[in-house]
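> Got a predicted model here, sequence first, then my questions.
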Amino acid sequence: MRPEYRSILVGVATATTAIALGSATASDLDQLMAKSSNWASQTGDYANHRYSDLKQINAGNVGQLQVAWTMSTGVLRGHEGSPLVIGDMMYVHTPFPNNVYAVHLKDQSFKWKYEPKQNADVVPVMCCDTVNRGLAYADGKIFLQQADTTLVALDANTGKVVWTAKNGDPKIGETNTNAPHIFKDKVITGISGGEFGVRGRLIAYDLKSGRKVWTAWSTGPDKDLLVDPAKTMTWTNGKLAPIGADSSIKTWKGDQWKIGGGTTWGWYSYDPKLNLVYYGTGNPGTWNPAQRPGDNKWSMTLFARDLDTGMARWAYQMTPHDEWDFDGVNENLLIDIDFKGKKTPVLVHFDRNGFGYTLNRETGELLVAEKYDPKVNWATKVDMKTGRPMVDKKYSPGTTGPDVNVKDICPAALGSKDQQPASYDRKSGLIFVPTNHVCMTYEPFQVEYTAGQPFVGATLTMFPAPGSHGGMGNFIAWDAAQGKIMWSKPERFSVWSGALTTAGDIAFYGTLEGYIKAVSTKDGKELWKFKTPSGIIGNVFTYEYGGKQYVGTYSGIGGWAGIGMAAGLTESTEGLGAVGGYKDLAKYTTLGGAVFIFALPDSGSQRSADASR
């Protein structure tokens with residue numbers, strides 16, 4: 001084992017212990033996540049590791065994997081997220097209309113079904129397909145964040161509605177695609193709609209009753225942001241300093257912050273020891289940077305907030321005055337590393353803008369900011385003193401002016417990585433990252449705000465990064481302490497699936513063509529693959545039942561990359577530019593909606609069990 005990773009493992013053990021001892025929690029989730037036979041949360045744990053201690057399936061036998069069973073979801077369009085597994089039950093969700101199925105693992109029969117009746121008017125205001133990133137479980141309840149912004153708590157035993165809460169209004173473009181997260185006694189959720197002039201916020205509800213506890217807005221007055229101007233810190237001039245009064249309002253023209261974006265449709269993390277919630281905010285509205293001068297705080301920002309009060313401990317804006325739609329909502333992995341000889345609790349974030357960030361998660365100090373795709377060109381580097389990217393004006397729509405077609409910007413608006421989550425391997429200390437290798441042309445134009453109507457203000461086309469391997473994706477291994485790619489495995493299309501690593505020395509992921517793959521965590525060597533009927537944009541997961549390990553994924557093309565197929569779009573600039581970029585995808589896959597579960601054959605499973613004795 002590399003010496004710098006020994007302290008990582010110590011940190012992981014400490015974090016795991018903190019989670020297991022979370023006595024202040026009002027839920028049973030801590031104990032369920034600690035048991036590796038379950039897949040009790042979308043992210044595997046509070047720290048977004050997406051790692052499993054299961055090792056019956058390992059690098060030596062994974063090539064023997066076979067289909068154990070499948071299940072149709074009955075819905076087409078993009079299937080993101082993953083099912084949950086609690087004991088002998090699996091809980092499956094679908095894209096709109098967001099059906100939920102409770103499935104017996106013993107015989108795959110249904111225990112109950114929840115089929116909400118949502119108004120179809122919500123579909124046209126869902127930006128990039130009708131996806132849903134999954135369910136949450138705690139306190140005997142299944143939690144679903146419906147597209148129409150209704151948060152629903154279902155009795156896990158019966159499927160009956162326990163409570164509901166409304167946290168948005170589709171008539172003004174507000175929708176939901178995120179998975180709710182359970183931290184201690186609260187349900188955390190966000191809002192989508194940055195392309196409709198929605199004002200972003202993070203919302204905490206009481207786990208038991210559904211009562212709203214706090215709302216933290218991304219833009220606006222300090223009281224709305226839930227910040228103390230003298231105590232909430234940010235990285236600037238080589239040190240941490242208070243954000244100061246009116247930190248958001250000062251960076252917008254007039255009242256533009258009211259339609260300023262900063263939506264919160266990604267993933268959230270939680271450190272029980274610090275009692276801090278971590279998340280990122282999305283793009284400012286509109287995409288035309290000439291219409292919104294200033295840094296547009298606090299869009300494109302990582303926040304650390306006290307779970308109980310919502311008050312911000314620190315904030316770090318990655319892309320001030322965004323000109324490219326580089327939403328900052330991607331997941332934050334919480335690990336401990338040896339940084340310059342000192343054990344440090346860090347947050348690792350792979351931003352859409354193409355930079356991998358490592359920050360001290362307790363203080364917000366910027367430690368590392370390096371490109372995780374060598375083709376990134378919109379900025380040459382991040383200035384470690386100011387924390388700001390050094391923008392190359394050649395690729396700046398705001399510099400070149402409106403109605404000018406800016407060519408060959410890398411990455412494209414969908415980023416070097418979108419929301420598809422990375423995975424942390426506790427054995428090697430590396431992070432495995434599904435990435436996009438896509439560039440764009442970008443032409444901004446003047447747009448006026450009308451509630452409920454698109455507020456984009458740019459026309460895009462996308463294409464594979466020039467001079468590369470010809471593919472549109474890579475699966476990479478990343479060293480967060482060095483900010484360095486350790487190995488990279490190219491793919492024909494973007495890797496739009498969430499990764500999984502296990503104690504069996506395997507990393508799993510899916511491809512847009514529909515392959516689920518297993519590779520060695522050591523060097524990325526491909527060990528196994530299986531072609532499912534439709535493209536995979538879901539997250540690979542694993543569980544154990546009856547003494548046997550299973551690995552699964554959704555098969556169902558869609559999402560931003562697959563929006564052309566999912567929604568029947570044909571013009572190259574449709575789907576915010578993705579239709580033209582992924583036009584060849586239709587040659588390799590078609591629409592679908594199914595759960596695929598894999599396992600070793602009984603004889604292989606027995607050999608593995610014998611070898612481990």
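Structure's in. What do you need?

> tell me the contacts of the nearest residue to residue 201 once chain neighbours are set aside?
In this structure, residue 201 finds its nearest non-sequential neighbour in residue 217, 4.5 Å apart by Cβ to Cβ, 6 or more residues apart in numbering. In short, each C-beta sits where N, CA and C put it, glycine included. Applying Cβ atoms under 8 Å, 6 or more residues apart in numbering to residue 217 gives the contacts 199-201, 224-226, 262.

> now that we have those, which one has the most neighbours?
Ranked by the number of neighbours (other Cβ atoms under 10 Å), those place residue 262 first, at 31 neighbours.

> what separates the residue nearest the centre of the chain from residue 192, distance-wise?
Taking Cα atoms, centre = their mean, the centroid of the chain lies closest to residue 419, which sits 3.4 Å from it. Separation of residue 419 from residue 192 (Cβ to Cβ, to the nearest Å) stands at 11 Å.

> Common neighbours of the two, please.
Residues touching both residue 419 and residue 192 (Cβ under 8 Å, 6+ apart) are residue 265.

> so how far is the first residue of stretch 55-64 from its last?
Across stretch 55-64, the terminal residues are separated by 14 Å (Cα to Cα, to the nearest Å).

> er, stretch 252-270 actually
With Cα to Cα as the measure, stretch 252-270 spans 30 Å from end to end.

> Now do the same for that stretch: mean pLDDT, whole number.
In this model, stretch 252-270 carries a mean pLDDT of 97.

> Report the distance from that stretch to the chain centre.
Counting by Cα atoms, centre = their mean, to the nearest Å, stretch 252-270 is centred 16 Å from the centre of its parent chain.

> cool, stretch 541-553 as well?
Relative to its parent chain, stretch 541-553 has a centroid offset of 23 Å by Cα atoms, centre = their mean.

> And the strands in the stretch 451-600 of the chain?
458-464, 473-479, 484-491, 500-502, 506-510, 515-520, 526-531, 541-545, 548-555, 594-599 (DSSP state E, counting those that start in this stretch).

> Reformat those strands as JSON lines; add distance to residue 151 and mean neighbour count.
Shown next, in JSON lines, are those (distance: least, Cβ to Cβ, whole Å; neighbours: other Cβ atoms under 10 Å):
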{"stretch": "strand 458-464", "distance to residue 151": "32", "mean neighbour count": "22"}
{"stretch": "strand 473-479", "distance to residue 151": "33", "mean neighbour count": "24"}
{"stretch": "strand 484-491", "distance to residue 151": "35", "mean neighbour count": "18"}
{"stretch": "strand 500-502", "distance to residue 151": "27", "mean neighbour count": "29"}
{"stretch": "strand 506-510", "distance to residue 151": "28", "mean neighbour count": "30"}
{"stretch": "strand 515-520", "distance to residue 151": "31", "mean neighbour count": "22"}
{"stretch": "strand 526-531", "distance to residue 151": "35", "mean neighbour count": "16"}
{"stretch": "strand 541-545", "distance to residue 151": "23", "mean neighbour count": "24"}
{"stretch": "strand 548-555", "distance to residue 151": "22", "mean neighbour count": "26"}
{"stretch": "strand 594-599", "distance to residue 151": "24", "mean neighbour count": "22"}
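
> how much space is there between the residue nearest to residue 201 and residue 463?
37 Å.

> CA atoms only: put stretch 128-140 into PDB for me.
Coordinates of the C-alpha atoms in stretch 128-140 are reproduced here as PDB (Å, rounded to 0.1, in the frame of the first residue of the first chain):
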ATOM      1  CA  CYS A 128     -32.800  17.500 -19.700                       C
ATOM      2  CA  ASP A 129     -35.200  14.500 -19.700                       C
ATOM      3  CA  THR A 130     -37.700  13.300 -17.100                       C
ATOM      4  CA  VAL A 131     -35.100  11.600 -14.900                       C
ATOM      5  CA  ASN A 132     -35.300  11.000 -11.200                       C
ATOM      6  CA  ARG A 133     -32.100  10.200  -9.200                       C
ATOM      7  CA  GLY A 134     -33.700   7.900  -6.700                       C
ATOM      8  CA  LEU A 135     -35.400   7.100  -3.400                       C
ATOM      9  CA  ALA A 136     -34.200   7.500   0.200                       C
ATOM     10  CA  TYR A 137     -35.000   5.300   3.300                       C
ATOM     11  CA  ALA A 138     -35.200   6.100   7.000                       C
ATOM     12  CA  ASP A 139     -37.500   5.600  10.000                       C
ATOM     13  CA  GLY A 140     -39.600   2.900   8.200                       C
END
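
> Please point out which parts of that stretch sit buried.
Across stretch 128-140, burial judged by 16 or more other Cβ atoms under 10 Å covers 128-139.

> And for stretch 225-236?
Across stretch 225-236, burial judged by 16+ other Cβ under 10 Å covers 225-227, 232-236.

> Could you work out the most separated pair of the residues you listed?
Farthest pair in the buried residues of stretch 225-236 (Cβ to Cβ) is 226 and 236. Separation: 20.5 Å.

> possible to save the strands of the stretch 451-600 of the chain as TSV with mean pLDDT and distance to residue 42?
Listed next are these as TSV, based on pLDDT from 0 to 100; distance: least, Cβ to Cβ, whole Å:
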stretch	mean pLDDT	distance to residue 42
strand 458-464	95	28
strand 473-479	98	20
strand 484-491	97	23
strand 500-502	98	12
strand 506-510	98	15
strand 515-520	98	18
strand 526-531	98	23
strand 541-545	98	9
strand 548-555	98	12
strand 594-599	98	15
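
> looking at this, residue 370 is in a helix?
No. Counting by DSSP: H, G, I helix; E, B strand; the rest coil, residue 370 is not found in a helix; it is strand.

> what's the closest non-adjacent residue to it?
Leaving aside its sequence neighbours, residue 370 sits nearest to residue 483 (Cβ to Cβ, 6+ apart; 3.2 Å).

> what does residue 289 give?
Spatially, and ignoring its direct neighbours in sequence, residue 289 is nearest to residue 398 (3.7 Å; Cβ to Cβ, 6+ apart).

> Can you report phi and psi for residue 602?
Main-chain dihedrals, residue 602, degrees, to the nearest 10: phi -50, psi -40.

> how near is it to residue 107?
Here residue 602 is placed at a distance of 17 Å from residue 107 (Cβ to Cβ).

> got it, and residue 415?
Counting by Cβ to Cβ, the separation of residue 415 from residue 107 is 42 Å.

> between the two, which one's more packed in?
Between residue 415 and residue 107, counted using other Cβ under 10 Å, the more crowded position is residue 415 (27 against 7).

> Between strand 484-491 and the strand or helix carrying residue 357, find me the angle.
Assigned by DSSP states H and E, residue 357 belongs to strand 355-360. Taking axes from the mean of the first three to the mean of the last three Cα atoms, to 10 degrees, one finds strand 355-360 and strand 484-491 inclined to each other by 140 degrees.

> Which other helices and strands does strand 355-360 contact?
Counting contacts by 3 or more Cβ pairs under 8 Å, 6 or more residues apart in numbering; DSSP states H and E, strand 355-360 packs against strand 342-350, strand 366-371.

> picking that back up, and the residue nearest to residue 370, what are its phi and psi?
Residue torsions, per degrees, to the nearest 10, at residue 483 are phi 70, psi 50.

> Surely it touches residue 381?
No. Judged on Cβ atoms under 8 Å, residue 483 makes no contact with residue 381 at a distance of 10.8 Å.

> joint contacts of these two?
Residues touching both residue 483 and residue 381 (Cβ under 8 Å, 6+ apart): residue 369.

> More neighbours: the two, which one.
residue 483 (19 against 12).

> Now for the more buried one: which residues touch it?
Counting by Cβ under 8 Å, 6+ apart, residue 483 touches 356, 358, 368-370.

> per-residue confidence for it?
For residue 483, the pLDDT comes out at 98.

> show me where pLDDT drops low in the stretch 351-500 of the chain?
Scanning the stretch 351-500 of the chain with the threshold set as pLDDT under 70 gives 400-403, 470.

> how about the helices of it, start to end?
Ranges of helices within the stretch 351-500 of the chain are 397-400, based on DSSP state H, counting those that start in this stretch.
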